[in-house]
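[1] The amino acid sequence is not available; the structure is as follows:
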């Protein structure tokens, strides 16, 4: 039942579909049309998707925290592997939302082949604001908003779809933490893509096919739309949209390590000094070498707790 959609839509091959007209969004859809990321292997099944998901400690803890009988949105699901991971073995309702129909078709075909029925797919532009307000218990939006033409506006729209007391997880490229990747990107323009094979520590350790490697490089270094952000910027987004800060990686408090296992435990926002220091530290740790992505989790305030 598509009760989470507030505008008329078409059903295209069992995918809820809207016409996408925005030129900037079309740049993104064309990009992923040619390099779907991550793609499926011919022998992928429920178990292989579970195995992949369990290796992602952030996704594993998120799935554990969700529990059961919840409504979950993944905004910018791509080929839907995480959405499918969240759906397997649960009675949660998962909505996988993405502007690229080719990516969603891969996800839909896999779901039907493996008889996964608690997931729905939506092909739409987030800026067309098609989601019902205060519907979802959880929103996962990791590595997505910085690939939109207006990250704050996209956040504002998706925040409206979150229930009171619902949780949202967003992941963005950090203005400081991404410096190493930005430097490698510019040097690769001089020395070629082979430069990345030598000097990107994450890429060097990836045990994937040549096709997957190409898709990873394109996604990390040559995306047509990219922006960079800070913890304080996101804290301001949260404040404007009645979202209470819960926790983040890196931490807002003055400590160098944040456990994924305790990520959904309420922490303080620390000080401006501690937030700056922890973001600078990203340059020198795995967060920076892996692309400079930072994670922030928030909880939608109730109408009685808006102060």
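    That came through fine. None of these values were measured; they are calculated from a predicted model.
[2] buried set for stretch 55-62?
    56, 58-62 (16 or more other Cβ atoms under 10 Å). Where C-beta positions appear, they are placed from N, C-alpha and C, glycine not excepted.
[3] cool, stretch 100-117 as well?
    Neighbour counts over stretch 100-117 (16+ other Cβ under 10 Å) mark 100-101, 103-108, 110-111, 116 as buried.
[4] Quick one: distance of that stretch to the chain centre.
    Distance of stretch 100-117 from the chain centroid (Cα atoms, centre = their mean, to the nearest Å) equals 18 Å.
[5] pLDDT averaged over it, what's the number?
    What stretch 100-117 shows for mean pLDDT is 96.
[6] And stretch 14-29, by the same measure?
    Stretch 14-29 carries an average pLDDT of 96.
[7] which residues are in contact with it?
    2, 5, 7, 9-11, 99-101, 104-105, 108, 112, 120-125, 127-128, 130, 147-149, 223-225 (Cβ atoms under 8 Å, 6 or more residues apart in numbering).
[8] In helices, which of those residues fall?
    Of the contacts of stretch 14-29, the ones assigned to helices by DSSP state H are 101, 104-105, 108, 112.
[9] so can I have CSV of those residues showing distance to residue 279?
    Formatted as CSV, the ones in helices among the contacts of stretch 14-29 follow (distance: Cβ to Cβ, whole Å):
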residue, distance to residue 279
101, 36
104, 34
105, 38
108, 38
112, 43
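[10] For the lengthiest strand in the chain, which residues meet the burial criterion?
    In the chain, assigned by DSSP state E, the strand with the most residues is strand 162-173. Judged by neighbour count using 16+ other Cβ under 10 Å, the buried positions of strand 162-173 are 162-163, 166-173.
[11] Take those and write them to a markdown table, including distance to residue 182 and pLDDT.
    Shown next, in a markdown table, are the buried residues of strand 162-173 (distance: Cβ to Cβ, whole Å; pLDDT from 0 to 100):
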| residue | distance to residue 182 | pLDDT |
| --- | --- | --- |
| 162 | 31 | 98 |
| 163 | 37 | 97 |
| 166 | 34 | 98 |
| 167 | 31 | 98 |
| 168 | 27 | 98 |
| 169 | 24 | 98 |
| 170 | 20 | 98 |
| 171 | 17 | 98 |
| 172 | 14 | 98 |
| 173 | 9 | 98 |
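[12] which pair in these spans the largest distance?
    Farthest pair in the buried residues of strand 162-173 (Cβ to Cβ) is 163 and 173. Separation: 27.8 Å.
[13] and residue 43, how many neighbours does it have?
    As a burial measure, residue 43 scores 6 neighbours (other Cβ atoms under 10 Å).
[14] How about the residue most central in space within the chain: what's its closest non-neighbour residue?
    What sits nearest the mean C-alpha location of the chain, by Cα atoms, centre = their mean, is residue 142, with 1.8 Å. Among residues not flanking residue 142 along the chain, residue 171 sits closest, at 3.7 Å (Cβ to Cβ, 6 or more residues apart in numbering).
[15] Let me see the contact set for the one you found.
    Taking Cβ under 8 Å, 6+ apart as the test, what residue 171 contacts is 141-144, 293-296.
[16] Same check on residue 88?
    Applying Cβ under 8 Å, 6+ apart to residue 88 gives the contacts 46, 49-50, 116.
[17] mind checking how far the nearest residue to residue 301 once chain neighbours are set aside is from residue 300?
    Distance criterion Cβ to Cβ, 6+ apart; nearest residue to residue 301, sequence neighbours excluded, is residue 242 at 4.6 Å. Distance from residue 242 to residue 300, counting by Cβ to Cβ, to the nearest Å: 7 Å.
[18] The two - which one has more neighbours?
    residue 300 (24 against 17).
[19] so the more buried one touches residue 159, yeah?
    Yes. Residue 300 is within contact range of residue 159, at 7.3 Å (criterion: Cβ atoms under 8 Å).
[20] so what sits against both of the two?
    Both residue 300 and residue 159 are contacted by 168, 243, under the criterion Cβ under 8 Å, 6+ apart.
[21] thinking again about what came up before, relative to residue 268, how far out is the residue nearest to residue 301?
    Residue 242 is 19 Å from residue 268, where distance means Cβ to Cβ.
[22] So what's the residue count around residue 26?
    Residue 26 - counted by other Cβ under 10 Å - has 16 other residues nearby.
[23] Kindly report the same for the one 10 residues further on.
    As a burial measure, residue 36 scores 19 neighbours (other Cβ under 10 Å).
[24] Surely it touches residue 104?
    No. Contact criterion Cβ under 8 Å: residue 36 and residue 104 do not qualify, at 9.9 Å.
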